[in-house]
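In: got a structure for you, letters missing:
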């Protein structure tokens, strides 16, 4: 909202919201957005007016469920409880709250009657507008005309209830209908939005309570146990289907029904049928909610449910295939790539390791759930990578907002929940929202799946504070064990051995150049002997090169195109060329570039030759890279770069020039030259490339001057301080 230009907002929520925003200060900073918090206390037993403007009034009322002891569900009182036991039970009472809302539109004005206005001698023009605004006007012959003379009677505004009942434990707290007659005037459109799971909708007490709204009430069901998962991101679905055809099913799902409900031209749809709602016992109209469904409340003639914008989850797959076949001439041929690979092998001198890997398909697989930077777009979600170790479980490397939704779109609800249950660890690189905000969704989903096993969460110390505050605010306490990234930096502390003992993996966090408490990851498998490097967000970093040397697979951010090297330096990101140079210096076997600026379409790079020469490919959302396919991974590059006709082909001359551009020089050159210099790092703290290096070095402190602003980093606290 702040980035869209909003400068003030009121937020109504249960008590505890302010603490969440206080905990979010480490990653949320929008000083120009003035927030007015209205926290509703759970002791309230009445409707509270939270919004009153020229259009509507909104009331809020808490629903409170009581729990006793340490259990997550309430215990029934025992008849043989002594007074002492009863008192103890009261002392250990735990309460949870959700909010219900009642939205009452102001009276709807009657319809303006131009015939009456004309009969009264009023000419068309400004006088009509004044009457509509409620002002009196004077006719040419001096008569006064009031709005009531030409406008019909107003009618009571529609009423919408939003009922949030997370579980059956909240049903007894529902407000009684007695005394609420004002909320149900006769002849007024009424709608009730039920944010309730199936077990609540089937509860007899809830059915009875809902029936009191009357037969002319519209009921809208919104809950993932009732609604059918549908995705409105048709651009993304179309993208995946095209890539599956161009690259192959081993890298992209062939029928991503969870992305878009693909059909053939014969009309055979993979879309499941709607949920049967007849068993819920509602007396009025019942609608299962869908994305882009509208409940129109004004004007009067259009009041009701509008599904005109609901996307039919179909597109003609055969048409897309024909289009791709017609554009076959734009697809890069394989022969130049085969020549290129021979040159790259010879230049890098790594032919022996490239033939020594022998991974089966159950060793490991990388699935890119989000490959964009900063904010989600139609084509790329923000950063999230799933490392699937199959029988050994899964690991998430970063979890930007919408990570669980991406899992559902890639695998479907059932398989996504299975993967969430099998998660062993979540590793977060830094505290920018596009890298960690989806963690709460994953932890909440695990809690709902009733998985009693704690998950390992590794990240900056502020992440633990944020998760703790958020967990206390919600209905579910997150079940996790937290490890600070700082404790996994080389030389590692004793607690780092926990991962090797429990997961058979060696975690090493590497300080990188981006923001305070930013890290990359070096992950080694003690069982199958592979090495994975993930950069997180960073400038070219000597630490990452040294600790990740000889990586089997390097995943590196490439936020900017090569022409934006100045902006990349200012924002502590890498260009495509810089990322390739880092991974080449690391002697990585294969490289995958990710974290692209959303300014680029999918993708708008003109560096296909450099990417190929760097032994790399570009990542797309939902792309899978199985370790068994690493040897032939570059075969996918022609299709990846040819999804749009703007991509160029590659010839042998381009390959030679690209290899020369990827040389990492030892001399100090300006960053604009396109050659990145990685200076030595004596103290373990990553330095900026030459030309952007810290001008002064002192024990325990490094300084960098940027346009008059001095940034100092204290090694003891790992904090940045500012001064002029």
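Out: Structure's in. What do you need? Computed from a predicted structure; not experimentally measured.

In: C-alpha only now, for contacts and for neighbours.
Out: Fine.

In: and the contacts of stretch 367-376?
Out: The contact list for stretch 367-376 (C-alpha atoms under 8 Å, 6 or more residues apart in numbering) reads 380-388, 400, 403, 406-407, 433-434, 559, 594-598, 619-625.

In: so how far is residue 192 from residue 165?
Out: Residue 165 sits 12 Å away from residue 192, going by C-alpha to C-alpha, to the nearest Å.

In: quick one, which of the two is more surrounded?
Out: Neighbour count, other C-alpha atoms under 10 Å: between residue 165 and residue 192, residue 165 has more, with 25 against 19.

In: start and end of stretch 99-113, how far apart?
Out: 42 Å.

In: just the buried residues of it, please?
Out: Residues of stretch 99-113 classed as buried by neighbour count (16 or more other C-alpha atoms under 10 Å): 99, 100, 101, 102, 103, 104, 105, 106, 108, 109, 110, 112.

In: in this structure residue 623 contacts residue 251, no?
Out: Yes. Between residue 623 and residue 251 there is a contact under C-alpha atoms under 8 Å: 5.4 Å.

In: more neighbours: which of these two?
Out: Shown here are residue 623 and residue 251; by other C-alpha under 10 Å, residue 623 has more neighbours (24 against 21).

In: ramachandran angles for that one?
Out: Backbone torsions for residue 623, taken as degrees, to the nearest 10, come to phi -70, psi 140.

In: any idea how far residue 301 lies from residue 111?
Out: Distance from residue 301 to residue 111, by C-alpha to C-alpha: 10 Å.

In: ok, residue 121 next?
Out: Remark: distance between residue 121 and residue 111 (C-alpha to C-alpha) = 19 Å.

In: span of stretch 478-491 from start to end?
Out: So stretch 478-491: terminal residues 30 Å apart, C-alpha to C-alpha.

In: er, stretch 291-303 actually
Out: The stretch stretch 291-303 measures 19 Å between its terminal residues, going by C-alpha to C-alpha.

In: list the buried residues for it?
Out: Under the neighbour-count criterion of 16+ other C-alpha under 10 Å, stretch 291-303 has 293, 295, 297, 300 buried.

In: and the residue lying farthest from the centre of the chain, helix, strand or coil?
Out: Distance from the C-alpha centroid of the chain peaks at residue 141, with 64.9 Å (C-alpha atoms, centre = their mean). Residue 141 falls in the coil class when you classify it by DSSP: H, G, I helix; E, B strand; the rest coil.

In: where are the low-confidence patches of the stretch 351-500 of the chain?
Out: Scanning the stretch 351-500 of the chain for pLDDT under 70 picks out the ranges 351-356, 451, 474-476.

In: and the helices in it?
Out: All helices of the stretch 351-500 of the chain, identified by DSSP state H, counting those that start in this stretch, fall at 351-354, 403-411, 413-421, 433-436, 439-448, 461-473, 497-503.

In: need those in TSV (columns: distance to residue 574 and mean neighbour count).
Out: TSV is the format used below for the helices of the stretch 351-500 of the chain (distance: least, C-alpha to C-alpha, whole Å; neighbours: other C-alpha atoms under 10 Å):
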stretch	distance to residue 574	mean neighbour count
helix 351-354	26	12
helix 403-411	24	23
helix 413-421	31	17
helix 433-436	16	24
helix 439-448	25	20
helix 461-473	25	19
helix 497-503	30	14
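
In: for residue 545, find the nearest of these.
Out: Among the helices of the stretch 351-500 of the chain, helix 351-354 comes nearest to residue 545, with 17.9 Å by C-alpha to C-alpha.

In: so for residue 35, what's the nearest residue that isn't a sequence neighbour?
Out: The shortest distance from residue 35 to any non-neighbouring residue, by C-alpha to C-alpha, 6 or more residues apart in numbering, is to residue 9 (5.1 Å).

In: need phi/psi at residue 559.
Out: Per degrees, to the nearest 10, the backbone of residue 559 is at phi -60, psi -40.

In: likewise for residue 554?
Out: Torsion angles, degrees, to the nearest 10, at residue 554: phi -110, psi 130.

In: partner residues bridging it?
Out: residue 533, residue 591 (DSSP bridges).

In: ok, residue 112 next?
Out: Beta-bridge partners, per DSSP bridges, of residue 112: residue 151.

In: does it really touch residue 150, like I thought?
Out: Yes. Taking contacts as C-alpha under 8 Å, residue 112 lies within contact range of residue 150: 6.0 Å.

In: rewinding a little: closest to residue 16 out of the helices of the stretch 351-500 of the chain?
Out: Nearest of the helices of the stretch 351-500 of the chain to residue 16, taken as C-alpha to C-alpha: helix 461-473 at 5.8 Å.

In: who's in contact with the closest one?
Out: 15-17, 19-20, 23-24, 26, 431, 440, 477-478, 482, 484-485.

In: which among those end up buried?
Out: Buried members of the contacts of helix 461-473, scored by 16+ other C-alpha under 10 Å, are 16, 17, 20, 23, 24, 431, 440, 477, 478, 482, 484, 485.

In: burial measure for the residue nearest to residue 35, as a count.
Out: Neighbours of residue 9 (other C-alpha under 10 Å): 13.

In: ok but it is inside a strand, no?
Out: Yes. Counting by three-state DSSP, residue 9 is located in a strand.

In: and the pLDDT at it?
Out: Residue 9 carries a pLDDT score of 90 in this model.

In: leaving out sequence neighbours, find the closest residue to residue 495.
Out: residue 487 (7.6 Å).

In: just checking, residue 308 is part of a helix?
Out: No. Residue 308: not assigned to a helix; according to three-state DSSP it is coil.

In: got a pLDDT number for it?
Out: 89.

In: what number of residues lie near it?
Out: Residue 308, neighbours per other C-alpha under 10 Å, totals 10.

In: swap in residue 146?
Out: 15.

In: what about the nearest residue to it once chain neighbours are set aside, how many neighbours?
Out: In space, and not counting its chain neighbours, residue 146 is closest to residue 136: 4.7 Å by C-alpha to C-alpha, 6+ apart. Using other C-alpha under 10 Å, residue 136 has 16 other residues around it.

In: quick one: residue 136 from residue 147, how far?
Out: 6 Å.

In: residue 321 contacts residue 243, doesn't it?
Out: No. Under the criterion of C-alpha under 8 Å, residue 321 is not in contact with residue 243, lying 10.7 Å apart.

In: and the two? which has more neighbours close in?
Out: The neighbour comparison of residue 321 against residue 243 (other C-alpha under 10 Å) goes to residue 243, with 24 against 15.

In: any idea which element the more buried one lies in?
Out: Residue 243 is part of helix 234-247, with elements assigned from DSSP states H and E.

In: helices or strands next to that helix in the packing?
Out: In terms of contacts (3 or more C-alpha pairs under 8 Å, 6 or more residues apart in numbering; DSSP states H and E), helix 234-247 is packed against helix 257-260, helix 317-326, helix 637-641.

In: the same query, at a cut-off of 7 Å, please.
Out: helix 257-260, helix 637-641 (3 or more C-alpha pairs under 7 Å, 6 or more residues apart in numbering; DSSP states H and E).

In: least reliable of those helices by average pLDDT, please.
Out: Of all the helices and strands packed on helix 234-247, the minimum mean pLDDT falls on helix 257-260 (a mean of 50).

In: for the chain, which spans come out with low pLDDT?
Out: 68-93, 177-186, 229-232, 254-275, 312-317, 327-356, 451, 474-476, 601-608, 644-724.
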